[in-house]
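Enquirer: Build the 3D model from these lines:
(chains A and B)
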Amino acid sequence: MKPEELMTMMEKARADTFEHELRVCTESGCMSLQSDVLQKALSDEVKRRGISDKVCVKGVGCMGLCCNGPLVKADKAMYQFVKPEHAPAIVEALATQPIKELLCDTQQPFFTRQKLVVREHFGIVDPENLMDCIAHGAYQALLKTVTTMTPPQVIQEISDSGLRGRGGAGFPTGLKWATVSKAGGTTKYVICNGDEGDPGAFMDRSVMEGDPHRVLEGMAIAAYAVGAENGVIYVRAEYPLAVKRLTKAINLARRHELIGHNIFGTKFSFNVELRLGAGAFVCGEETALIASVEGKRGVPRPRPPYPANYGLFGYPTLINNVETYANIAPIINKGAAWFAQIGTEKSKGTKIFALTGKIKNTGLIEVPMGIALRDIIYDIAGGIPDGKAFKAVQTGGPSGGCIPADLLDITVDYESLAKAGSIMGSGGMIVMDETSNMADVARFFMEFCMTESCGKCIPCRVGTYEMHELLDRICEKRGTPEDLQLLKDLCDMVKQTSLCGLGQSAPNPVLSTLRYFEQEYQNLIAEAQAARGQTTHADTSEHIELEVLP
Amino acid sequence: MSTATILSKPPTEDKRWKIIETTMRRNDFQPDALIESLHSVQQTFGFLDVPSMRWVAGALKVPLSKVYGVATFYHFFTLKPQGKHVCVVCMGTACYIKGGKQLLDEVQRHYGIAEGQTTKDGELSLLVARCIGACGLAPTAVVDGQVLGKRSATELLAAVDDTLGRKA
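Expert: Numbering: from 1, shown residues only, chains lettered A, B, ... in the order given. Modelled structure (predicted):
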């Protein structure tokens, strides 16, 4: 495709407007509440009335408030809990007033306190329709990059923006790109890590399902910057809809020569293929992911050498997370300075979080870095339902930790969360109320790490097993004070000596719950001891009785 | 194991082997297409049996031991045939906090099968997922590919019974 063609396409697509638009969320969340049936019902209704030329019914990406789904946007009004039988009334209401009973208040803090950068087109564009995406500016950043910028300029722009990896560790993206670009050789790879194995997190699934072209565009810009011609998107097989949407996006982009040979008539070529994971949490670790893309068991290897120098098939490889790539296009379009003014001094931009657990509003939010945790829990998410008290919020999944109520005023950025004993992680936020048992939560995560340990290094393979046994004993009220001490010692040992991130961070949920809720562990042990004391006592009395009555 | 145990042509006359062959051809029969090929086998036949692994090993020139290693390493692959219908209960963190365990217990009790097992009549398999990414609607389950969000144990059992053609 030539640069002018993209502009013509954009103008043509923009001119193609309808009087009314009915947008139905068609991501996994709302789909599980039959939004696909709803979309069909709306289309049928529009056809039945013969107003297809005036009303456009389309499937769009996630609008955030999953707990009130299926969500439908009818022009300016947003409807919640929509059922297929509401279709005639919704179409009818387009010409008159919105239906009051179904209205979802878009002025509530859940919507007003968000800052949309990655998710700016969610709920607006149809992810399966390339023209619609182009009408909203897709591939403009790629055009700007390959026609007006040199690779070092692109890297400089990303460095200046202060963007850090959204996969969890928060490594500066610009620095990573610079390292890969300096690595020798002509064959290089860029990989998109879409192996969102962290239970309770679904931001990457949403980005891949809701705006797949944004991810492709980010990858292509990265490839141009580091000098790579091949890209691989590694997606979990558990996300069939994301796989379908990405496959379609790749095919469409290829057909319109937005990826492929000589993009926009320049010398830059870029090809992408999709690789499916097969259900292994450890594959989120970059060296394990590379092994999996190579068709092997997903087992990590020691670093260095880092993938930047020795990655896929031994070639220099850039690995970034889905959300990181999705941040690239807006940075290029609006400039590093614009991006850098969002967030805190060390954590720039926005972050998407998946709010789940015992909380009123569950769903996806995108907030500027540096927002207070309390604002997220009580303002955006609407607090704890059923009059229960907040106990803790778990961030970072099995590698993260639990943050208690008295630390709710900390800000959400990489440093503050680490200081509180947790991590930013990929963005899962699971809220627990007073009924949750923290030792049980720690056991849940340990069971996860134990099962997901790849088994290569002993500290992780055996350590997680032993820690799970200990936690099981404590939770089942069979624990002793010695068990607790041994658990603490093992945490330290596994953390210090494991090979990869999985083992090194596996003790985190235990450590953080011990740090803030040790009393709960002590109570369980005291109960166990009391129970034991009682049985011993009973035994003795029986024994004495036997002596008294021969 | 001698190379004789590696099959040079599809294990049976079944025409569906063509699907797997197409997947492998698209990847130029490169060893790195192993996971893709196994996905293709499982999608077509529902599980990975030894003859299919032997054939894939031969076609991609990968040792059978490695194929078996990959097939058993990843949770997604199963070496046992599945029931006609499949119920997957999500046990991700959000679902666990919201009572996914109770859903699982109820399904286990009602149909008399543990996770990973299939009923004797081969009608229903029960599986557990790590996280299906619909955490906003926890607790969730997947019945024959259809994601069901915010379901109570009773509602889930009704949905499964419905799928099995039994009246709840």
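
Enquirer: tell me which parts of the stretch 301-450 of chain A are close to chain B?
Expert: A:313, A:354-358, A:362-364, A:394, A:397, A:428, A:430, A:432, A:436, A:441, A:444-445, A:448 (CB under 8 Å from any CB of the partner chain). Glycine gets a C-beta too; all of them are placed from N, C-alpha and C.

Enquirer: Show me the shaky parts of the chain.
Expert: Assuming you mean chain A. A:535-550 (pLDDT under 70).

Enquirer: nope, chain B
Expert: In chain B, residues with pLDDT under 70: B:1-6, B:167-168.

Enquirer: can you pull out the strands in it?
Expert: B:85-90, B:124-129, B:141-143, B:146-148 (DSSP state E).

Enquirer: Please identify the pairing partners of the one helix or strand A:Val367 maps to and their relative orientation?
Expert: In this structure, A:Val367 sits in strand A:363-368 according to DSSP states H and E. Strands that pair with strand A:363-368, judged by DSSP bridges, come out as strand A:350-357 (antiparallel).

Enquirer: Export the partner strand to CSV, keeping only CA atoms.
Expert: This file holds the C-alpha atoms of strand A:350-357, laid out as CSV (Å, rounded to 0.1, in the frame of the first residue of the first chain):
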residue,chain,number,x,y,z
THR,A,350,-1.5,4.6,32.0
LYS,A,351,-2.1,1.1,33.2
ILE,A,352,-5.0,-1.2,32.5
PHE,A,353,-6.2,-3.2,35.6
ALA,A,354,-8.6,-6.1,35.8
LEU,A,355,-10.8,-5.5,38.8
THR,A,356,-12.3,-8.6,40.2
GLY,A,357,-13.2,-10.3,43.4
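
Enquirer: which bits of the stretch 51-200 of chain A sit near chain B?
Expert: Going by CB under 8 Å from any CB, the residues of the stretch 51-200 of chain A near chain B are A:66-67, A:69, A:196-200.

Enquirer: Of those, just say which sits nearest to A:Leu470.
Expert: In terms of CB to CB, no member of these lies closer to A:Leu470 than A:Pro199, at 21.9 Å.

Enquirer: Let me see the backbone angles for the closest one.
Expert: For A:Pro199, the backbone dihedrals (degrees, to the nearest 10) come out as phi -70, psi 130.

Enquirer: likewise the one 4 residues further on?
Expert: Summarising the backbone geometry of A:Met203 under the convention degrees, to the nearest 10, its torsions are phi -70, psi -40.

Enquirer: ditto for A:Asp211
Expert: Phi and psi for A:Asp211, reported as degrees, to the nearest 10, are phi -150, psi 60.

Enquirer: And the residue of chain A that's closest to chain B?
Expert: Proximity of chain A to chain B (CB to the nearest CB) peaks at A:Cys66, 2.9 Å away.

Enquirer: which residue sits closest to that residue, ignoring its sequence neighbours?
Expert: Excluding the flanking residues, the one nearest A:Cys66 by CB to CB, 6 or more residues apart in numbering or on different chains is B:Gly136, at 2.9 Å.

Enquirer: hang on, the one you found packs against A:Cys30?
Expert: No - using CB atoms under 8 Å, B:Gly136 makes no contact with A:Cys30, being 9.4 Å away.

Enquirer: Closest one of the residues of the stretch 51-200 of chain A next to chain B to B:His110?
Expert: Out of these, the member with the shortest distance to B:His110 (by CB to CB) is A:Pro199, at 24.8 Å.

Enquirer: Save the strands of chain B as CSV, and put in mean neighbour count and distance to chain A too.
Expert: Listed next are the strands of chain B as CSV, based on neighbours: other CB atoms under 10 Å in any protein chain shown; distance: least, CB to the nearest CB, whole Å:
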stretch, mean neighbour count, distance to chain A
strand B:85-90, 23, 8
strand B:124-129, 21, 7
strand B:141-143, 23, 9
strand B:146-148, 19, 3
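
Enquirer: Dump these into a markdown table; add distance to A:Ser161 as well.
Expert: Below are the strands of chain B laid out as a markdown table (distance: least, CB to CB, whole Å):
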| stretch | distance to A:Ser161 |
| --- | --- |
| strand B:85-90 | 36 |
| strand B:124-129 | 37 |
| strand B:141-143 | 39 |
| strand B:146-148 | 36 |
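
Enquirer: Nearest to A:Asn333, out of those?
Expert: strand B:146-148 (34.6 Å).

Enquirer: Give me the sheet partners of that closest one and which way each runs.
Expert: strand B:141-143 (antiparallel).

Enquirer: Check chain A and tell me which residue is nearest its centre.
Expert: A:Met203 (3.1 Å; CA atoms, centre = their mean).

Enquirer: Would you confirm that that residue contacts A:Met429?
Expert: No - using CB under 8 Å, A:Met203 makes no contact with A:Met429, being 10.3 Å away.

Enquirer: list residues touching both of those two?
Expert: Common neighbours of A:Met203 and A:Met429, using CB atoms under 8 Å, 6 or more residues apart in numbering or on different chains, are A:353-354.

Enquirer: Let me see the ranges of the helices in chain B.
Expert: Secondary structure of chain B (DSSP state H): helices at B:17-26, B:34-45, B:50-60, B:64-73, B:93-97, B:100-111, B:153-163.

Enquirer: other SSEs contacting the first one?
Expert: If you count contacts as 3 or more CB pairs under 8 Å, 6 or more residues apart in numbering or on different chains; DSSP states H and E, helix B:17-26 packs onto helix B:34-45, helix B:50-60.

Enquirer: Residues in contact with it: which ones?
Expert: B:10-11, B:33, B:36-37, B:39-41, B:44, B:52, B:55-56, B:59-60.

Enquirer: Would you mark the buried spots in it?
Expert: B:17, B:20-21, B:23-24 (16 or more other CB atoms under 10 Å in any protein chain shown).

Enquirer: Identify, from these, the entry nearest to A:Phe171.
Expert: Closest to A:Phe171 out of the buried residues of helix B:17-26 is B:Thr23 (34.9 Å), distances taken as CB to CB.

Enquirer: if we can go back for a sec, how many other residues sit next to the residue of chain A closest to chain B?
Expert: By the measure other CB atoms under 10 Å in any protein chain shown, the count of residues near A:Cys66 is 32.

Enquirer: how far away is it from B:Leu148?
Expert: From A:Cys66 across to B:Leu148, the span is 14 Å (CB to CB, to the nearest Å).

Enquirer: Any idea what the closest residue to A:Ser32 other than its chain neighbours is bridged to?
Expert: Distances taken as CB to CB, 6+ apart put B:Val147 closest to A:Ser32, at 3.5 Å, once the chain neighbours are dropped. B:Val147 has these beta-bridge partners by DSSP bridges: B:Val142.

Enquirer: For B:Val147, list the residues it contacts.
Expert: B:Val147 sits in contact with A:28, A:31-32, B:132, B:134, B:140-141, where contact means CB under 8 Å, 6+ apart.

Enquirer: What residues does the residue in chain B positioned nearest to chain A make contact with?
Expert: Chain B approaches chain A most closely through B:Gly136 (2.9 Å), counting by CB to the nearest CB. Under the criterion of CB under 8 Å, 6+ apart, the neighbours of B:Gly136 are A:29, A:66-67, A:69, A:202, A:354-356, A:362-364, B:94, B:149.

Enquirer: Relative to A:Leu6, which of those residues is nearest.
Expert: A:Leu364 (29.7 Å).

Enquirer: The closest one: neighbour count?
Expert: 29.

Enquirer: That one contacts A:Arg119, correct?
Expert: Yes - A:Leu364 is in contact with A:Arg119 according to CB under 8 Å; the separation is 7.5 Å.

Enquirer: tell me, what's touching those two both at once?
Expert: A:62, A:64, A:352.

Enquirer: State the phi and psi torsions of the first one.
Expert: The phi and psi torsions at A:Cys62 (degrees, to the nearest 10) take the values phi -60, psi 140.

Enquirer: pretty sure it is touching A:Phe122, no?
Expert: Yes - assessed by CB under 8 Å, A:Cys62 is found in contact with A:Phe122 at 5.6 Å.
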